[in-house]
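Chemist: structure for this input, please:
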Amino acid sequence: MDGEFLLSWAASELRRELGPYSRPFEIFGQGSRVNGTHLGHDSDIDLVLMLTEPGHGWERFRDDVLTVLGESHIVRMGRRCLNVDDPDSLFAEMVDILVATEHRWYPVPGSPHYEQGVFFRDQQGRPIVNFPKQHRLHGDVKDLRTGGRFKQAVRAVKRARRWAEAEHLLEEGTAPSYLVECLLFNVPDPVYLSAPGPAHREAVAWLSRHHREDPESFAALPCQNGINRLFGPGPDQWEPGAAARIIDVLHQI
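Modeler: Residues are numbered from 1 along each chain as shown. The predicted structure is shown next:
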């Protein structure tokens, strides 16, 4: 089954499970499968379940969802996503559900125009705001601009990361897919378009030069969504030096 069909199926199943819930919500996909950067057909389907009613806090919404789904499944909150523990449920095997509330970011104070994001808390209670719709849109547009080389490079680097982890060159989990994709998104389009060989090698080489020659600019790189910063102290950010070490390992492969 292709990604769009699986996503549609999973969203329909979740909407059916939430049938008794009366507050307004939206369900949409995020992550490598919906972004077209996953490596295999066994990749998880990442769904966002976002409440769109103002004033109903995230904690209340999370508890509401746990209660409704708990009537027919064994559910619990994981590190960030809701987990279904029923062994007979397809949700337990292949679907991750991020429970979130709508977050509106106004680039111009006082303007009616805003960017729609999601708000949630991790297992430690730390607040996280992200913009998955913008992440997907910007990735799709860059892939078109580079003739498909951007997403091809992301998949190739993720395969290289998997090999590096198996060879203990990288510690497992230190180079998550989101970080890899955001780093490669920041590589200028001409690097992809002018690459004489595999584009991912040229892209990683560019990142390696960039963090060495201009560490200040490297530390200011944005996420693929174009709103959040990639590096910083937040729970959804990384440390520039750690990312540079990952890039150097991938560059040497």
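Chemist: show me where the stretch 51-200 of the chain has helices.
Modeler: For the stretch 51-200 of the chain, helices defined by DSSP state H, counting those that start in this stretch occupy the ranges 58-70, 90-94, 132-145, 149-166, 177-185, 189-193, 199-213.
Chemist: closest one to Asp236 among the ones you listed?
Modeler: Closest to Asp236 of those is helix 177-185 (Cβ to Cβ; 8.3 Å). The C-beta positions use only the backbone N, C-alpha and C, and glycine is treated the same way.
Chemist: please export the C-alpha coordinates of the closest one as PDB.
Modeler: This file holds the C-alpha atoms of helix 177-185, laid out as PDB (Å, rounded to 0.1, in the frame of the first residue of the first chain):
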ATOM      1  CA  SER A 177      15.600  11.900  10.700                       C
ATOM      2  CA  TYR A 178      14.300  15.400  11.500                       C
ATOM      3  CA  LEU A 179      17.800  16.700  12.100                       C
ATOM      4  CA  VAL A 180      19.200  15.100   9.000                       C
ATOM      5  CA  GLU A 181      16.400  16.500   6.800                       C
ATOM      6  CA  CYS A 182      16.600  20.000   8.200                       C
ATOM      7  CA  LEU A 183      20.400  20.100   7.700                       C
ATOM      8  CA  LEU A 184      20.100  18.900   4.100                       C
ATOM      9  CA  PHE A 185      17.300  21.400   3.500                       C
END
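Chemist: for the closest residue to Phe185 other than its chain neighbours, phi and psi?
Modeler: In space, not counting the residues next to it along the chain, Phe185 is nearest to Gln224; the distance is 4.3 Å by Cβ to Cβ, 6 or more residues apart in numbering. The phi/psi pair for Gln224 (degrees, to the nearest 10) reads phi -60, psi -30.
Chemist: show me the contacts for Gln224.
Modeler: Contact analysis of Gln224 by Cβ atoms under 8 Å, 6 or more residues apart in numbering lists Gln134, His135, His138, Gly139, Glu181, Cys182, Phe185.
Chemist: and if we set it to 7 Å?
Modeler: With contact taken as Cβ atoms under 7 Å, 6 or more residues apart in numbering, Gln224 is in contact with His135, His138, Gly139, Glu181, Cys182, Phe185.
Chemist: gap between it and Gly78?
Modeler: As for Gln224, its distance to Gly78 is 24 Å (criterion: Cβ to Cβ, to the nearest Å).
Chemist: ok, back up a step: worst average pLDDT in the helices of the stretch 51-200 of the chain?
Modeler: If you rank those by mean pLDDT, helix 90-94 sits at the bottom with a mean of 67.
Chemist: surely Leu179 meets Glu239?
Modeler: No: between Leu179 and Glu239 there is no contact, the gap being 10.8 Å when judged by Cβ atoms under 7 Å.
Chemist: could you list the low-pLDDT ranges of the stretch 1-150 of the chain?
Modeler: Residues of the stretch 1-150 of the chain that meet the criterion pLDDT under 70 lie in 1-3, 41-43, 89-90, 92-93.
Chemist: what's the longest strand in this protein?
Modeler: For the chain, the strand with the greatest residue count under DSSP state E is strand 95-105.
Chemist: ok, residues contacting it?
Modeler: Residues outside strand 95-105 that contact it (Cβ under 7 Å, 6+ apart): 10, 14, 44-52, 58, 61-62, 65, 80-82, 114-120, 129, 227.
Chemist: buried among these? Need that as a selection in PyMOL.
Modeler: Selection of buried members from the contacts of strand 95-105 for PyMOL, criterion 16 or more other Cβ atoms under 10 Å:
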select buried, resi 10+14+45+46+47+48+49+50+51+58+61+62+65+80+81+82+117+118+119+120+227
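Chemist: out of the contacts of strand 95-105, list just those in strands.
Modeler: 45-51, 82, 115-120, 129.
Chemist: list just the nearest of the residues you listed to Phe231.
Modeler: Taking the ones in strands among the contacts of strand 95-105 together and measuring to Phe231 by Cβ to Cβ, the closest member is Val129, at 16.0 Å.
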